[in-house]
Each structure stands twice: as structure tokens, then as C-alpha cells.
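> this one's structure only:
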């Protein structure tokens, strides 16, 4: 239905009538019929009858009721901003004591802006909208409760420089705050490394080309090392030049932890890429703080492991689902051989698939087809221009099926050594969150110091994420991180003006948002808050 103006000429005078008309179809053709004639247009407007009629009809329309309320009562919606994440992570930020620590480290400096708020804003950006500082300076204007209207791009750059300068002191203060010597002990530390490439062609003291886990050898990179405790809590982090070998990184991390944190007893757990004689000497050779360790071994590359450890007989003991262990001593060195029979079956099947393809290639195309094929090389023996499968190499390879070997100087039972090493997934999860969820890489900063500050801000964000996840686990709440962030981000603050007063309206909590508030011990804000 709609309103139509019907024009009529009577005795030379033109009149306009308002009619309510309905459209319909008859035998497939459009038709119209007049339901009512309201009267002359000029009379209806002049008498106010039309306004009264429309207001009366509007009572039956929800949308028009809102429009009418806005017109008559003066309600104006000024803005809408993100509110859920800054509230929840802001509570964790305060609980970890970061405002006091940052204010203390910035004491005596004149920045002209709130450095602590800027640091939190940068960490929050890493969690909610990872990107460059330029993107962050725009995104932060859409967040409630940070004083974001006073935050500028230059403040982001200056804050990264500050975080780079104080990163050692910041880490030490956080470590001291985290460790209550009367209630906690740092007895287990997992260490691993990764690489972060930089979108810059030129190399610097820190940005070097090296082995790239990101498959970007064309770009310079930084090497990032992280130590976490048995709960996955970040204990220490360090940045190294991009061409630093893993075992050098490992040695430097151990020395750093010994010097900076004065840890007395700790068991260091690290993957096989870290192990070297120098690294072991770093762990056990110091009279000040010799460390115990559980290290993965390179079965194929370490001669002693390959020839003496794996060839030693002995019965395996089952210690868990799909895990058996046996202890082997070579002189004064203790090794734990671990076997997963399910993985052994998979390794054997994968090798047989390679051998089957190799036999087919040799039969159909001959030895020349093997040139440059690294997948076949270890199983091929060349003799007088002919090639055949090296059965000895096949038997040797089968010795590694489903196994991994550990070396340790602890007195822990073999099964505990194996289960502890399997806990390395915690640091791997940390890197997954640091590089995927928080998106540390790639780096867009031109200078080394601001690149360092960028990484420090990411680790402050990581502490917030791990803290929230740990609290959810303690409360037996199972929520996926993407779902949690989605639900939290739906909680928004709407600024409304009514009769000269400003109000903050809270949208409804969706999904797991309430669980996040409960986990941090915080009530959601009321539906309506009077600002002035």
C-alpha cells in the first residue's frame, strides 16, 4: 500500500486529494484499487489532521517509534566503541602489576603522554587487531576507555623505543613479581627458538639472513628465544641476530637466566636442535648454578647415540599411552630411549611407500631418473653404473622408527623424564600464539630498537593471553580462543546524549563473554552508565 496524490480540476480550479491505494495482481496483471480517500491535501496539512493521522499509525511501527522518540525526546547516539577486550585484559594488566612497573621505569622522563596507557594500547592491538603501528593508531580510536582520542602515531613510535630501552629491567621486574619464593619455585623451564623476518632488504647488526623457519631466506630476520615454565607462563625472552645458530642461542639463554635471575635449581628442557657439547658445559659446568637438563638428541647425526645407544639391548617399560622407555648408560652419560609403537608403524609405512616408488622408478626409467632426488638418495647404492636398493641402509633406517632419544643428568625416573620432555608442546604453543594469534611477524620497523620494542609489546600481550587462558582452565571452562575474542569484541559501548546528559549504554553479552569476565573476577559494566 502507498499514498497517492489524485489531481482533479473542477470549474477551472485544480484540487489535490490524498488517497490510500493498494497494489495487487489479477490474472497475472498488476492492478490498483483505492481503499480510502483522506481528503483535500491542503486542508489536511493546514488543519494538522495529517500529522495526527501519521502519529497514530506510527504507534504500530517499532522503527517509526524510535524515530519519533529521537525527534521528540532529543536522544542522539554519538558513537560506538569496542569495550569487552579493554575491560577484561585491562583487569589482567592491573593484576600483573604492569601499570606500577612501567610508571616506575618511566620515572623522570618527560614524554608528554601517558606511557603506561600507550603500552597497554599496543599490547591490546596485538591481541585484537595485529598490524603495523600506523594501523594501530587508527584502530585505537575505536576502543573505549583508553583515552584514545589523545593517542597519536608518534606516541606508538616513541613507546616502542622506550620498551626497547627498558626490556631487560622490565623482564627482571616481571620475573621477580611472578615468583613468590615462599609459594612458588621455578623448577622446570622449556626453551625454544624461532625466527621473525623483517620487510627490509638491508642488513643491520641484528637483522641478518640465516636459516629461515618461515621459508623467507630472501629477507633478513631476527632470532627469538623464549623460556616458559611448566604451565606455559613466559619466564624469559631474548632476541639474537638472524644468523645465530640454535645452540649458540641456547647457551646465551642459559647464561642470561643464571646471571639475571639467580635461579638456584632448575631443570632445562630443550629440543634436539639445541644440543651441543658447549651447551651441556654451560648447563653443568658452572659452580655458581649448575643446571639439570633434559635434552633431545639427534639420533642420526650423533655418533654415540646412533652406534652405542640405539644398538644397546634391553626391555622397554610402558609408561603411558603409546609410550615405552628404557634407560641406557654410556660411560657416565645417561640416555632415555623412547618408543611410540603407533609412530613406528607410520614410519615403517612411509618408508615402504618410498621404497615402492623407488623400485618402480628403477624398473621403468633406470638410474638416471634418480639424479637430484634427495628422497631416494639414502636408500640407493650405486655400483658400476647401475643402481639398486641399499638393503643395509633400509635396515639402519628401521632402527629409528617411532623413537626419540633423550639425555639427562637428572635423577628423575625414566618415565618422568620422557613425560617432561613431551611437555615441550607448551613452548611450541607459545610460539604458535606469538606468531599466529598475536602476529609478531613480519616486522615493518626501520630501526632495530623499535623492532625490539615491537617484540616486547607482543610479549606483554602474550602474558595477558596466557593469563586469561590459565584462569579459564582453572575454572574448568573450555572456550576456543577465536570464539572468545569474537564474543568479547561484540561487547560495545554506545555513547548516547539525552536532555543534555551523556550516557554509556552497554550492548548485551554474547556467547562466552560472561565467562571471560567471571574468569578475571570482574563484573560486566551496568547496561546504562551516566557520564555527566
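Thanks, I have it. What you see is a predicted model, and the numbers here were worked out from it, not measured in a lab.

> is it true that residue 471 touches residue 519?
Yes. Counting by CB atoms under 8 Å, residue 471 touches residue 519, with 4.2 Å between them. Any C-beta I mention is one placed from the backbone N, CA and C, and that applies to glycine too.

> Settle it for me: which of those two has more neighbours?
Counted by other CB atoms under 10 Å, residue 471 and residue 519 do not tie: residue 519 has more neighbours, with 24 against 18.

> OK, contacts around the more buried one?
Counting by CB atoms under 8 Å, 6 or more residues apart in numbering, residue 519 touches 468, 471, 472, 475, 477.

> Which one of those residues sits in the busiest neighbourhood?
residue 468 (22 neighbours).

> from memory it sits against residue 88, does it?
Yes. Under the criterion of CB under 8 Å, residue 468 makes contact with residue 88 at 7.0 Å.

> what residues are shared contacts of these two?
The contact lists of residue 468 and residue 88 share 516, 520, where a contact means CB under 8 Å, 6+ apart.

> Name the strands paired with the lengthiest strand in the chain and say parallel or antiparallel.
Ranked by number of residues, the top strand in the chain under DSSP state E is strand 13-26. Each strand paired with strand 13-26, and its direction, by DSSP bridges: strand 2-10 (antiparallel), strand 29-40 (antiparallel).

> how about residue 524, secondary structure?
Following DSSP: H, G, I helix; E, B strand; the rest coil, residue 524 is assigned to coil.

> ok, which stretches of the stretch 51-200 of the chain are helices?
For the stretch 51-200 of the chain, helices defined by DSSP state H, counting those that start in this stretch occupy the ranges 62-73, 84-95, 98-105, 115-128, 133-139, 153-165, 167-178.

> Can you tell me which of those is nearest to residue 379?
Evaluated over the helices of the stretch 51-200 of the chain, closeness to residue 379 peaks at helix 115-128, with 46.6 Å, by CB to CB.

> helices and strands around that closest one, which ones?
Where contact means 3 or more CB pairs under 8 Å, 6 or more residues apart in numbering; DSSP states H and E, helix 115-128 is packed against helix 84-95, helix 98-105, helix 133-139, helix 153-165, helix 448-474, helix 481-489.

> could I get the ones you listed as JSON lines with mean pLDDT and distance to residue 306?
Below are the helices and strands packed on helix 115-128 laid out as JSON lines (pLDDT from 0 to 100; distance: least, CB to CB, whole Å):
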{"stretch": "helix 84-95", "mean pLDDT": "95", "distance to residue 306": "48"}
{"stretch": "helix 98-105", "mean pLDDT": "94", "distance to residue 306": "49"}
{"stretch": "helix 133-139", "mean pLDDT": "86", "distance to residue 306": "50"}
{"stretch": "helix 153-165", "mean pLDDT": "91", "distance to residue 306": "44"}
{"stretch": "helix 448-474", "mean pLDDT": "86", "distance to residue 306": "38"}
{"stretch": "helix 481-489", "mean pLDDT": "91", "distance to residue 306": "41"}
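
> mind putting these in a markdown table, distance to residue 4 included?
Conversion of the helices and strands packed on helix 115-128 to a markdown table gives the following (distance: least, CB to CB, whole Å):
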| stretch | distance to residue 4 |
| --- | --- |
| helix 84-95 | 49 |
| helix 98-105 | 66 |
| helix 133-139 | 49 |
| helix 153-165 | 56 |
| helix 448-474 | 61 |
| helix 481-489 | 47 |
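
> Since that was my last question, I'll sign off now.
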